[in-house]
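Student: Dropping a prediction and its sequence here:
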Amino acid sequence: MAAVELEPLTPDNVRAVCDLRVAPGQEHLVAPNAVSIAEAYVHPQAWCRAVRADGRLVGFVMLWDSPEELGHMLWRLMVDASAQGRGIGRRVVALVADHVRAQGVPVLRVSVVDGEGSPAPFYRSLGFVPTGEVTDDEPVLALDL
């Protein structure tokens with residue numbers, strides 16, 4: 001398994017994060033990283049990190065990091081097409097859960113796009129369960145921490 005680390009976005013890595021791409025056919029499942037970074041700029045609740053695996057920049061993660069409104073919600077997770085299938089996404093979710101747990105928060109939530117290629121099975125395999133909630137027309141899953 002790759003050694004996975006999360007690092008803050010900086011002037012040195014932000015363009016490379018924006019250049020990362022999901023695999024063909026996955027574009028409808030997650031917003032481009034540049035859009036996510038723009039949204040984070042106007043939402044102080046956004047906690048963003050670049051993802052490195054074995055020292056190589058391979059992804060991006062964004063958390064709604066606030067007890068207000070949405071609560072602690074995994075807002076975006078993307079792993080570059082060149083790095084998929086190596087367990088990196090699983091490790092990123094574990095690191096985000098550690099961050100949330102360290103704040104004394106008992107639940108991490110995520111919303112998922114329904115349909116072909118949905119990441120719902122991935123999140124369920126990590127222990128997330130459907131809550132019955134819907135946000136932005138997406139079902140919400142939760143992980144007890």
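Tutor: Yes, it's here.

Student: Now do stretch 10-19, average pLDDT.
Tutor: Mean per-residue pLDDT for stretch 10-19: 97.

Student: Output that stretch as PDB, nothing but the C-alphas.
Tutor: What follows is stretch 10-19, C-alpha atoms only, in PDB (Å, rounded to 0.1, in the frame of the first residue of the first chain):
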ATOM      1  CA  THR A  10       0.200  26.100  -1.400                       C
ATOM      2  CA  PRO A  11       1.300  28.300  -4.300                       C
ATOM      3  CA  ASP A  12       3.800  25.500  -5.100                       C
ATOM      4  CA  ASN A  13       1.200  22.700  -5.500                       C
ATOM      5  CA  VAL A  14      -2.200  24.300  -6.400                       C
ATOM      6  CA  ARG A  15      -1.700  24.300 -10.200                       C
ATOM      7  CA  ALA A  16      -0.600  20.700 -10.100                       C
ATOM      8  CA  VAL A  17      -3.700  19.800  -8.100                       C
ATOM      9  CA  CYS A  18      -5.800  21.600 -10.700                       C
ATOM     10  CA  ASP A  19      -4.200  19.500 -13.500                       C
END
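
Student: If you tally nearby residues, what's the number for residue 104?
Tutor: Neighbour count for residue 104, taken as other CB atoms under 10 Å: 8. Quick note: C-beta positions are derived from backbone N, CA and C, even for glycine.

Student: which intervals of this structure have sub-threshold pLDDT?
Tutor: 69-70 (pLDDT under 70).
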